[in-house]
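[1] the following comprises the amino acid sequence and a computationally predicted model.
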Amino acid sequence: MKKKRYLMLFLFMIISIYAVADNYLKDKVADYLKSKEISYTNISMNLFLGNITLNTVFKEKDSLIFKVEKIEVKGVSYYQFIKNNAIRVASLKATNPKINGKVIKNDKPLKSFSKDSVVDLEIGAIYIDNLKIDVLKNNNFPFKVKSINFKVENFKLDSTLSKSIPFSYSNIESSITYLETQYSKFQKVKFSKLTFKERNLSIDSLEIVPLKNKKEYIRFVSEEKELLTLFSKKIIINDLKIEEKEKLSFSSKHILLDEVFFNLYLDATLLEHPNKRKDLYSKKLRDLPFNINVEKLNIVNSQLVYKEYTIKGNKAGVLIFDDLNAEIVNINNKTNKKTKLTTAKITSQFMKASPLEIIWTFDVANKNDNFRIRGGLFHITSKNMSSFLLPTMNVKMDGFIDKMFFDFEGNDSVSNGKLDVDFKNFNIKILDKEKDKKTVLSWLVNLFIKDSSKNGLVKVTVDNLERDKTRSFWNYFWKNIEKGLEKSLI
């Protein structure tokens, strides 16, 4: 009988101690949350299992509001906290969190953290379930996400603060449904879905959308700038790795861009061309603040349209590249890479009718930015040529170019090369603003065209063509073609 009483007394003491400890921990958690100005409607704890659950959590920071339907913390190690002042948690889950409000730019310098002030934190798994975001960025542009689901395994905070990514993990999985944000006064970007699993990333229906039409957008820029429209049906990045050893690095075995529609429109009638240097692609890659290594990138089933409005009263000149396919290998800016050259092979149908083939190579590590670009364009009609030259230069070409081969080598300053062109019944017409042929001037131009250039193959060289460093690589390439055509005609 006495044993039974002692047992009952012992159980009563255990229950009492548990209740006291439970209430003590609840008060400690409540005091901590209150000090951080975090409110909630209910808290429940399991002392033995180390579980804490908060319901309807609310936090307001500056002009941002954070709401979470439920936060569940499981497997808190009191032993590690008492003995090592370390936080060890089996899992952390946030269900239906929401972020609303406005991001306020903070001009105050960030506080510096000493090693001793950083929490020793490890979490076995972090789950974010159905996060919604609807905020204004500090430039008053909206940022919206319909749903984010997120999982991180074996999360560990870097207590040394020695890396730009101050944490490590063993695995990340994520899915984002419908993201939309505005990044300028006349452009926004959005996509319908993003998934990341087992180091593979895919994006569905990526779009860059104009918010202003072709007549309006020019009022929102201070210098000559293109209006961009882009749509990509699918982007897939395989074996994506973001690591930090000596330097932050991004790598992928293969990137696929499927069915990309790329449209550029330039109004060059009002604003001046910006007097800013444009680096070649080799220098842009070399100067990235991180290492990049993409073994292969493919663009398939795509289209590029470029329109330029140059002369008031004329239509915009049009260049169309249909059935555009490209394979680029060795996009790598490391200094110790095994393969030096980055190689791009491009095929397309120019103006829906003329096959175009390009092979382009350059060495990212070469500080002279040496490159070589060669290829051919075939079956070029006068209609295709005049679609751009007539509206932009009041120049019309009649005749036919059966084939044109080009091979140019250059660097950041100067280029040289050769152009072979096979003409048929070729002549030039220069028009005035009313589109009437300037008969005398056109006659003089054609008088100086070599007889062989009207019918037959012409081979010319382009020597010491200086680069306009405020223009793009593709403008540089076109100037080589233009110079070669000029020498073959006049």
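    Cool, the structure landed.
[2] from residue 460, how far off is the nearest residue to residue 481 once chain neighbours are set aside?
    Leaving aside its sequence neighbours, residue 481 sits nearest to residue 406 (C-beta to C-beta, 6 or more residues apart in numbering; 6.3 Å). Where C-beta positions appear, they are placed from N, C-alpha and C, glycine not excepted. Using C-beta to C-beta, to the nearest Å, residue 406 is found at 11 Å from residue 460.
[3] joint contacts of these two?
    Both residue 406 and residue 460 are contacted by 418, 419, 420, 484, under the criterion C-beta atoms under 8 Å, 6 or more residues apart in numbering.
[4] narrow these to those in strands?
    Using DSSP state E, the subset of those located in strands is 418, 419, 420.
[5] on that earlier part again, tell me if the residue nearest to residue 481 really is in a strand.
    Yes. According to DSSP: H, G, I helix; E, B strand; the rest coil, residue 406 belongs to a strand.
[6] show me which strand runs longest in this structure.
    In the chain, with assignment by DSSP E, the single longest strand is strand 291-309.
[7] tell me the strands beside the helix or strand following it, with direction?
    Reading on from strand 291-309 to the C-terminus, the next helix or strand found by DSSP states H and E is strand 317-332. With DSSP bridges as the test, strand 317-332 is paired with strand 291-309 (antiparallel), strand 341-350 (antiparallel).
[8] so which of those comes closest to residue 357?
    Shortest distance between residue 357 and these, using C-beta to C-beta, is found for strand 341-350: 5.5 Å.
[9] where does the stretch 201-350 of the chain have low pLDDT?
    Nowhere does the stretch 201-350 of the chain drop to pLDDT under 70.
[10] who's in contact with the spatially closest residue to residue 37 that is not a sequence neighbour?
    Computed as C-beta to C-beta, 6+ apart, the closest residue to residue 37 that is not its neighbour in sequence is residue 59, at 6.8 Å. Residue 59 is in contact with 36, 37, 38, 39, 65, 66, counting by C-beta under 8 Å, 6+ apart.
[11] now residue 59: which helix or strand?
    strand 51-61.
[12] can you tell me the strand partners of that strand and which way each runs?
    Strand pairing for strand 51-61, determined by DSSP bridges: strand 38-39 (antiparallel), strand 42-46 (antiparallel), strand 64-74 (antiparallel).
[13] of the contacts of residue 59, keep whichever come out buried.
    38, 66 (16 or more other C-beta atoms under 10 Å).
[14] A strand includes residue 91, no?
    Yes. Residue 91 forms part of a strand when assessed by three-state DSSP.
[15] test my guess that it contacts residue 124.
    Yes. Using C-beta atoms under 8 Å, residue 91 makes contact with residue 124 at a distance of 5.7 Å.
[16] okay, and the common contacts of the two?
    Overlap of the contact sets of residue 91 and residue 124 (by C-beta under 8 Å, 6+ apart) consists of residue 75.
[17] how about the ones in strands among the shared contacts of residue 406 and residue 460 in JSON lines, adding pLDDT, neighbour count and distance to residue 264?
    Shown next, in JSON lines, are those (pLDDT from 0 to 100; neighbours: other C-beta atoms under 10 Å; distance: C-beta to C-beta, whole Å):
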{"residue": "418", "pLDDT": "97", "neighbour count": "17", "distance to residue 264": "29"}
{"residue": "419", "pLDDT": "95", "neighbour count": "23", "distance to residue 264": "26"}
{"residue": "420", "pLDDT": "95", "neighbour count": "16", "distance to residue 264": "29"}
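[18] want to throw those into JSON lines with distance to residue 248?
    Listed next are these as JSON lines, based on distance: C-beta to C-beta, whole Å:
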{"residue": "418", "distance to residue 248": "42"}
{"residue": "419", "distance to residue 248": "43"}
{"residue": "420", "distance to residue 248": "46"}
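[19] wait, which of the residues you listed is closest to residue 477?
    residue 419 (11.8 Å).
[20] now stretch 360-377: mean pLDDT?
    For stretch 360-377, mean pLDDT rounds to 96.
[21] ok so, going back, confidence-wise, which of the contacts of residue 59 comes last?
    Among those, residue 36 has the lowest pLDDT, at 82.
[22] not including adjacent chain positions, what is the nearest residue to it?
    Among residues not flanking residue 36 along the chain, residue 59 sits closest, at 7.6 Å (C-beta to C-beta, 6+ apart).
[23] same thing with residue 279?
    residue 287 (7.3 Å).
[24] could you measure from that neighbour over to residue 417?
    Noted for residue 287: a distance of 26 Å to residue 417, by C-beta to C-beta.
[25] for residue 128, same thing?
    With the distance defined as C-beta to C-beta, residue 128 ends up 55 Å from residue 417.
[26] now swap in residue 60 and tell me
    Using C-beta to C-beta, residue 60 is found at 64 Å from residue 417.
[27] any regions of the stretch 351-490 of the chain where pLDDT drops low?
    For the stretch 351-490 of the chain, applying pLDDT under 70 flags the ranges 389-390, 392-396, 428-454, 490.
[28] go with 50
    440-441, 443-444, 447-448, 451-453 (pLDDT under 50).
[29] which parts of it are helices?
    Along the stretch 351-490 of the chain, counting by DSSP state H, counting those that start in this stretch, helices occupy 382-393, 439-448, 451-454, 473-489.
[30] can you list the domain ranges for this protein.
    Following automatic domain parsing, the chain resolves into domains at 26-105+118-176, 183-490.
[31] quick one: residues contacting the residue nearest to residue 479 when sequence neighbours are not counted.
    Leaving aside its chain neighbours, residue 479 sits nearest to residue 465 (6.2 Å; criterion: C-beta to C-beta, 6+ apart). Neighbour list for residue 465: 410, 414, 415, 416, 479, 480, 483 [criterion: C-beta under 8 Å, 6+ apart].
[32] residue 419 versus residue 465, what's the distance?
    In terms of C-beta to C-beta, residue 465 sits 11 Å off from residue 419.
[33] between the two, what contacts are shared?
    Common neighbours of residue 465 and residue 419 (C-beta under 8 Å, 6+ apart) are residue 480.
[34] more neighbours, residue 60 and residue 417?
    Higher neighbour count among residue 60 and residue 417: residue 417, with 21 against 13, using other C-beta atoms under 10 Å.
[35] near residue 479, how many other residues are there?
    Using other C-beta under 10 Å, residue 479 has 18 other residues around it.
[36] no wait, residue 54
    Neighbours of residue 54 under the rule other C-beta under 10 Å: 22.
[37] and it, how far from residue 479?
    Taking C-beta to C-beta, one finds residue 54 at 65 Å from residue 479.
[38] over to residue 224?
    Look at residue 224 and residue 479: by C-beta to C-beta, they are 18 Å apart.
[39] need the shared contacts of residue 406 and residue 460 in TSV with distance to residue 376, can you?
    Output for those, formatted as TSV (distance: C-beta to C-beta, whole Å):
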residue	distance to residue 376
418	12
419	11
420	9
484	13
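[40] report the two of those separated the most.
    Farthest pair in the shared contacts of residue 406 and residue 460, by C-beta to C-beta: 420 and 484, 8.9 Å.
[41] what touches both of those two?
    Residues touching both residue 420 and residue 484 by C-beta under 8 Å, 6+ apart: 406, 460.
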